[in-house]
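**Q** A predicted structure for the sequence below; I have some questions about it.
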Amino acid sequence: MALKIAAVNPLITATAGADENLLVVRQYDEEKDKVGVEEMERRCEIGEGGKHSLVVDLLGDPICRVRHFPSHIMLVAEYGKEREIVGVIRGCVKTVTRGNSVFVNLAYILGLRVSPSHRRLGIGKKLVQKIEEWCKQNGAEYVYMATDCTNEASINLFTRKCAYTKFRTPTMLVQPVHAHYKPLGSGIAIVQLNPRLAETTYRRVFANSEFFPKDIDNILCSKLNLGTFMALPRKFLPKWDPKTGILPPSFAIMSVWSTKQLFRLQVKGISMLTYGCCMASRVLDAWMPWLMLPSFPDVFRQFWVYFLYGLHMEGKNASRLMKSLCAFAHNMGRDDDGCGAVLAEVGQRDPVREVIPHWRKFSINEDLWCMRKFGDDANEGSNERCGPSDWLKSRPSSPLIFVDPRDI
């Protein structure tokens, strides 16, 4: 997978404010911007005074969240005579399905941050506008972003000021990693698929889904991908020959992506009482694993997560097979000291949504995705492959949404 930032035309803009300061938006320069970006993002950490906060450590690589896309960029906003970095935004362009096996070039915007001391100055909107220019220059037909449905500031920026439309609301399911192992279930075999077989299987079962990436082979071969696994009834195992390309009558499949080399998370600002209760549950679970206590992981030191993607199930007792796969992923995380949670994101109408184990308190029932189509006014960027319909206005051809692990 190419790690080089895609070529981009100079994206610079200057705006005079009331105090004659200047705002400049330009491409991120790792050598001179890294320290400034890290300092700015520390000021934007989630949480308020007196409340707990979730701190993200990008491990010294501010561009890590888009680095694994072949076409990607990061922009910074400088403000004032001292050229202080007060905002950042990241973006990428990829080719995905919009349903019915039709591919479109889609841009994804993420990691928008503006320093708390420089908000309400139009910096966020300017960053969005400049990265959209880059996206269009790199062939994007649509652009989308994802945010928590309770993040009113972000929603207002994109829907009211940048003409985005609320598009999809997938569910983010979070399962803490306990100190005990989860049982896999009797009569179930779990096998690891090689990347080529996994690619073939995914292209078949997600052909009519939305957001399925054309470069799925790059994802499956990434060093961050821990493998693709299939669960099937053990009685089918001797009769199933993967070389034939015929899938078992009943199966469940998923892949596991680790953020260990991307970023670390840490919860700060909790009370000593809460900390003591959480750690006590962990100790009891470790001492008496046979009780299978729902203990709380140590998220008060840096941890990473496993992201489950490509979840799909078919056939009789498929729900039981999927639960077994999720338990298998949990146990993988349990053996990887420092893995605090297992995450999955699926469509609201995807059958696996009701099967994946999770804690409601930490899950997000509606993770809002907003989208915009480029070239609406002048019909630029029209593509005959897409036909006359507009993805934004068309009904989904499938309940399945493929969530790219590189998006998290």
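**A** Yep, that arrived. Not measured: the values here are computed from a predicted model. Residues are numbered from 1 along each chain as shown.
**Q** CA atoms for contacts and neighbours, from now on please.
**A** OK.
**Q** Tell me where the stretch 251-400 of the chain has helices.
**A** 272-287, 318-335 (DSSP state H, counting those that start in this stretch).
**Q** where are the low-confidence patches of this structure?
**A** For the chain, the stretches with pLDDT under 70 are 1-21, 46-51, 376-388.
**Q** circling back: between the helices of the stretch 251-400 of the chain, which gets nearest to Ile216?
**A** helix 318-335 (20.4 Å; C-alpha to C-alpha).
**Q** List the buried residues of that closest one.
**A** Buried residues in helix 318-335, counted by 16 or more other C-alpha atoms under 10 Å: 318-334.
**Q** if we can go back for a sec, of all the helices of the stretch 251-400 of the chain, which lies closest to Thr97?
**A** If we rank those by C-alpha to C-alpha, the stretch that ends up nearest is helix 318-335, at 24.4 Å.
**Q** So Thr159, which state does it fall into?
**A** Three-state call for Thr159 (DSSP: H, G, I helix; E, B strand; the rest coil): helix.
**Q** Run through the bridge partners of Ile109.
**A** Beta bridges link Ile109 to Gly91, Met145 when assigned by DSSP bridges.
**Q** Which stretches in the stretch 51-200 of the chain count as strands?
**A** 53-57, 71-79, 84-98, 103-114, 142-148, 165-168, 171-176, 188-193 (DSSP state E, counting those that start in this stretch).
**Q** ok now do Lys214, which residues does it touch?
**A** Lys94, Thr95, Val96, Thr97, Phe103 (C-alpha atoms under 8 Å, 6 or more residues apart in numbering).
**Q** residue contacts, the fourth one?
**A** For Thr97, the set of contacting residues under the criterion of C-alpha under 8 Å, 6+ apart consists of Phe103, Val104, Ala207, Asn208, Ser209, Glu210, Phe211, Phe212, Pro213, Lys214.
**Q** closest one to His118 among the helices of the stretch 251-400 of the chain?
**A** Counting by C-alpha to C-alpha, His118 lies closest to helix 272-287 out of the helices of the stretch 251-400 of the chain; the figure is 33.7 Å.
**Q** quick one: contacts for the residue lying closest to Phe300 once chain neighbours are set aside?
**A** By the measure of C-alpha to C-alpha, 6 or more residues apart in numbering, the closest residue to Phe300 outside its immediate chain neighbours is Val267, 5.0 Å from it. Each residue near Val267 by C-alpha under 8 Å, 6+ apart is listed here: His52, Ser53, Leu54, Val55, Val299, Phe300, Arg301.
**Q** ok, the nearest residue to Pro289 once chain neighbours are set aside to Ala286 distance?
**A** Nearest-residue entry for Pro289: His180, 4.9 Å, with adjacent residues in sequence omitted and distances by C-alpha to C-alpha, 6+ apart. Distance of His180 to Ala286, given as C-alpha to C-alpha, to the nearest Å: 7 Å.
**Q** and if you look at Ser101?
**A** Per C-alpha to C-alpha, Ser101 is found 48 Å from Ala286.
**Q** How about Gly80?
**A** 54 Å.
**Q** who's in contact with the helix or strand hosting Glu41?
**A** Here Glu41, judged by DSSP states H and E, is contained in helix 30-43. With contacts defined as C-alpha under 8 Å, 6+ apart, helix 30-43 is touched by 60-62, 76, 84-88, 113-116.
**Q** With distance to Pro294 added, can I get those in TSV?
**A** Below are these laid out as TSV (distance: C-alpha to C-alpha, whole Å):
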residue	distance to Pro294
Gly60	34
Asp61	34
Pro62	35
Val76	43
Glu84	46
Ile85	43
Val86	42
Gly87	40
Val88	39
Arg113	35
Val114	38
Ser115	38
Pro116	38
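**Q** hey, where'd the strands end up in the stretch 251-400 of the chain?
**A** 251-258, 264-268, 304-314, 339-346, 367-373.
**Q** What pairs with the third one, parallel or antiparallel?
**A** Yep, that's strand 304-314 we're talking about. strand 251-258 (antiparallel), strand 339-346 (parallel).
**Q** Packed most tightly, which of these would that be?
**A** Most buried of the strands paired with strand 304-314, by mean neighbour count (mean count of other C-alpha atoms under 10 Å): strand 339-346, with a mean of 25.
**Q** What separation is there between Ser363 and Ser281?
**A** 20 Å.
**Q** hmm, back to that, mind giving me the ChimeraX select for the contacts of Lys214, buried ones only?
**A** Selecting the buried subset of the contacts of Lys214 in ChimeraX, with 16+ other C-alpha under 10 Å as the burial test, is done by:
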select :94,95,96,97,103
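**Q** was I right about Val299 contacting Gly340?
**A** Yes. Using C-alpha atoms under 8 Å, Val299 is in contact with Gly340, at 6.3 Å.
**Q** Would you mind confirming that Glu210 is in contact with Phe402?
**A** Yes. Using C-alpha under 8 Å, Glu210 is in contact with Phe402, at 6.2 Å.
**Q** So for these two, which residue has more residues nearby?
**A** Glu210 (25 against 21; other C-alpha atoms under 10 Å).
**Q** which residues does that one contact?
**A** Val96, Thr97, Arg98, Gly99, Pro396, Ser398, Leu400, Ile401, Phe402.
**Q** ok, now with 7 Å
**A** Thr97, Arg98, Gly99, Leu400, Ile401, Phe402 (C-alpha atoms under 7 Å, 6 or more residues apart in numbering).
**Q** Kindly indicate which of these lies nearest Glu152.
**A** For the contacts of Glu210, the minimum distance to Glu152 (C-alpha to C-alpha) is 24.2 Å, reached by Ile401.
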